[in-house]
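Chemist: Give me a 3D structure for the following:
(chains A, B and C)
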Amino acid sequence: MNSPHHFLDELNSAQRAAAAHIHGPMMVIAGAGSGKTRVLTYRIAYLIEQGIDPFNILALTFTNKAAKEMKNRISKLIGDGDSRHIWMGTFHSIFARILRIESEKINFPRNFSIYDSADSKSLIKDVLKEMGLDDKLYKPGMVHHRISTCKNNLISPADYAADAVMVGDDRSSGRPRMAEVYAQYNLRLLKAGAMDFDDLLFKTNELLRDYPDVLHRYQHKFQYILVDEYQDTNFSQYLIVKQLAAAFQNVCVVGDDAQSIYAFRGANIQNILNFRKDYPDFSLYKLEQNYRSTKTIVEAANSIISKNRDQIKKEVWTDNDQGQKIRVHRAATDNDEGQFVAGQIYQVRANEQADPSEFAILYRTNAQSRSFEESLRKLNIPYKIYGGLSFYQRKEIKDLIAYFRLTCNPNDEEAVKRVINYPKRGIGDTTIQKLMIGASERGVSLWDMMDRCGEVGIGGSAGQRLSEFMVMIRSFQVQLETKNAYDMGYLIAQESGILRDLFADRTPEGIARYENIQELLNGMKEFSDIVDLDFPDQIRTMPDFLVDVALLTDADQEKDEEGGKVSLMTIHAAKGLEFPYVYIVGLEDGLFPSAMSLDSREDLEEERRLFYVALTRAEKEATISYALMRYKWGQPQWSERSPFIDEIDPIYLDLPAEDKSPKRSAPIDFQSQRNDWGTRPSQPAPKTAAPKPTASPSTPIAAPAGFKRVQSTSSSSAAGTVNADVQEGNEVMHEKFGKGKVLKIEGESPDLKATIFFPSAGQKQLLLKFAKLQVLS
DNA sequence: TTAGTTCGGGTTTTT
DNA sequence: CCCGAACTAA
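Modeler: Alright, predicted model coming up:
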């Protein structure tokens, strides 16, 4: 034992106590900027130094980037020979790896595909179409969200169908077949050998539940478990951790309830409370000293978060200087806001010799980036946008990756649909429709149906093209295990014709697309060149690459290559980052807090935590701005300043003169609303109760957050009855085209189609069940 | 089957 | 305003 633990001495006493805790359950509640990542890395380093095998450590982070960074920092402390063997990554990527290893147990191919949200939604659309459901009523996005919420709470399709509350809820909102859609969606995933994001966790739970030997094996492999950003875990993740930690109970969770900003995707702060119940003898460590920000920023942030009812008490404080007041700027328009911020950055940069990388512009929605881009460009300030369309969501990248996926897993239906006729090879919609119908009738995958396309009357040139396509894919497949990811990728890009197709497009966008493909291939080269020191002879293949790539997100992008740039990103993306100068923009009522959050206290509190996260990113100076008018879909839109501004104690603010006037035009009185919500008489039984920690995976959970009342969407029925008596020759009034004369009515009820002549708009064909018509004569 | 057009709807936030 | 879906013409 080497007695001077030099690296632990670099911590303050609270941090050191947490980092030196080895055995038994522990929780670290860490205020913003209090060095939580530091504690995690030092603790892992310390564990290893104390002789614990890195092979037995599992560290779950929120992003891949966080994992990578932490690994680097650990290897700086103890050398990378040891740190290499730690299993460190996001829940999704770690358990995707494990599911791949155990794939045969859960009836999935080893190279199962991972569907991203776009794939999931596309599949849902298919399912709806096949079931003959209206996708205006069953909106794919909404259906997906509902299914996702279920999966995150471990509610299977069977549980769903058996749950009277949820089924009743669906029935009353006019969507009685929701449970069926869910079941069908899962069936199609199974047939395609694919999992969506939520399945990666759901199936892990099933695996651990149904295979005690597997559970036992991983319990003994992962004797020390650490979870970062614990406040952002959902029930499914919670239960995985609980099961894995059950044997040794060496589980360490780190989080900050004040920074929980992912409830909308199922994160459950209640997991923190569950932890207390599951491990009554756990040790609690609180990190309350902030090292990041000025007193002004820390105290202003405290004043914001104190408005929330749901929170764990803690006192975040700092020894740092008081610093500048937070400047509030009121701009006339979104463009003015952009110019103001860019101008400020220009000035501060000149006055303080600051590098562009010291600035961040944070907004609520990605769409807000435009005006800042423009203004920064005009002043020649380099910037980088994080988020928005991530690299892997670009069409050309998704297309090529679809070829990769198809090669690794021919049953991947979303991949087939994407590339079967791209680049154009004369396989049109009719052929694809025939195949899809045939496949679903026979219960086989699209690919298998292609093999038997004669059965659905596809022959001649279409059949010929189809078989050429299959021959090509098969020629890729046979090389899958012998070629590395890069060689394989290059071959596919070439042979599929994608490279040629993109090269032919000489527009700037076309050139950019071509370069993106090059970049993807470069990335694959890098990936393929990595040598696993423990298995130096093993090649890194395309399936290996796909597991990584499917779960990479924009937050994982490398900081940046060369030279400093101003960072533009959503507040969600800024989580965990820090900048000397932070601009929080678009502080308008309805934008931030989002209009969607205004009718529930929980949602509003999440917005408030988001604001807290934004402000606490700042080290030296924070500036807040808002615009009285901004364009939305090309239309001007006026708004009031955000009530959040008024929630900050004004002693920390540098307000513009207009905003100091005590009489304000009736902003929401949040104080009194809070009281209303405290008792909430209008709400029937506010079931905020968390899922019971002891719940078995199949226990349905009472009304998860996403399940609040669904707005009624039935407006077309009224129009239908009105239109029933439209006759040929009638004069009618249309809300958009004005007066018109009915020339002809054809088709069968309820699909009656009318040909109407409108003097103002010409002749139109309208379906009576949809058109809003008034009969005049 | 494809290319060219119109039309309607979408903006929270993301693994 | 911008994208994809749906429709129309060749």
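
Chemist: Distance of the residue lying closest to residue A:335 once chain neighbours are set aside relative to DNA strand C?
Modeler: Once flanking residues are discounted, residue A:335 sits nearest to residue A:371: 5.2 Å by C-beta to C-beta, 6 or more residues apart in numbering. (C-beta placed from N, C-alpha, C; glycine too.) Between residue A:371 and DNA strand C the distance is 13 Å, computed by C-beta to the nearest atom of the strand, to the nearest Å.

Chemist: Now do the contacts for whichever residue of chain A sits closest to DNA strand C.
Modeler: DNA strand C sits closest to residue A:634 of chain A, with a gap of 3.3 Å, by C-beta to the nearest atom of the strand. Going by C-beta atoms under 8 Å, 6 or more residues apart in numbering, residue A:634 touches no other residue.

Chemist: go on, residue A:38?
Modeler: Counted by C-beta under 8 Å, 6+ apart, residue A:38 has contacts A:11, A:15.

Chemist: residue contacts, the residue nearest to residue A:335?
Modeler: Shown in contact with residue A:371 (C-beta under 8 Å, 6+ apart): A:334-335, A:337-338.

Chemist: my read is it is in a helix, agree?
Modeler: Yes: membership of residue A:371 in a helix is supported by DSSP: H, G, I helix; E, B strand; the rest coil.

Chemist: What backbone torsions are found at residue A:27?
Modeler: Phi and psi for residue A:27, reported as degrees, to the nearest 10, are phi -130, psi 140.

Chemist: thought it was touching residue A:278?
Modeler: No: using C-beta atoms under 8 Å, residue A:27 is not in contact with residue A:278, being 10.8 Å away.

Chemist: which of these two has more neighbours?
Modeler: More neighbours surround residue A:27 than the other of residue A:27 and residue A:278, with 22 against 19 (other C-beta atoms under 10 Å).

Chemist: which residues does the more buried one bridge with?
Modeler: residue A:253, residue A:284 (DSSP bridges).

Chemist: In contact with it, which residues?
Modeler: Counting by C-beta under 8 Å, 6+ apart, residue A:27 touches A:230, A:252-255, A:272, A:275-276, A:282-285.

Chemist: Go again with 10 Å.
Modeler: Taking C-beta atoms under 10 Å, 6 or more residues apart in numbering, we find residue A:27 in contact with A:18, A:227, A:230, A:251-255, A:272, A:275-276, A:279, A:282-286.

Chemist: So among these, which ones count as buried?
Modeler: Those of those that meet the buried threshold are A:18, A:227, A:230, A:251-255, A:272, A:275, A:279, A:282, A:285-286, by 16 or more other C-beta atoms under 10 Å.

Chemist: Up against DNA strand B, what does the stretch 601-750 of chain A have?
Modeler: Residues of the stretch 601-750 of chain A lying close to DNA strand B (C-beta under 7 Å from any atom of the strand) are A:603, A:632-633.

Chemist: Adding secondary structure and neighbour count, write those residues out as CSV.
Modeler: Supplementary listing: those in CSV, determined by DSSP: H, G, I helix; E, B strand; the rest coil; neighbours: other C-beta atoms under 10 Å:
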residue, secondary structure, neighbour count
A:603, helix, 18
A:632, strand, 12
A:633, coil, 6
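
Chemist: Show me where the stretch 351-500 of chain A dips below the pLDDT cut-off.
Modeler: Along the stretch 351-500 of chain A, the parts satisfying pLDDT under 70 run over A:388-389.

Chemist: Helices of that one, residue ranges please.
Modeler: Counting by DSSP state H, counting those that start in this stretch, the stretch 351-500 of chain A has helices at residues A:369-378, A:395-408, A:413-419, A:429-442, A:446-451, A:460-477, A:485-495, A:498-504.
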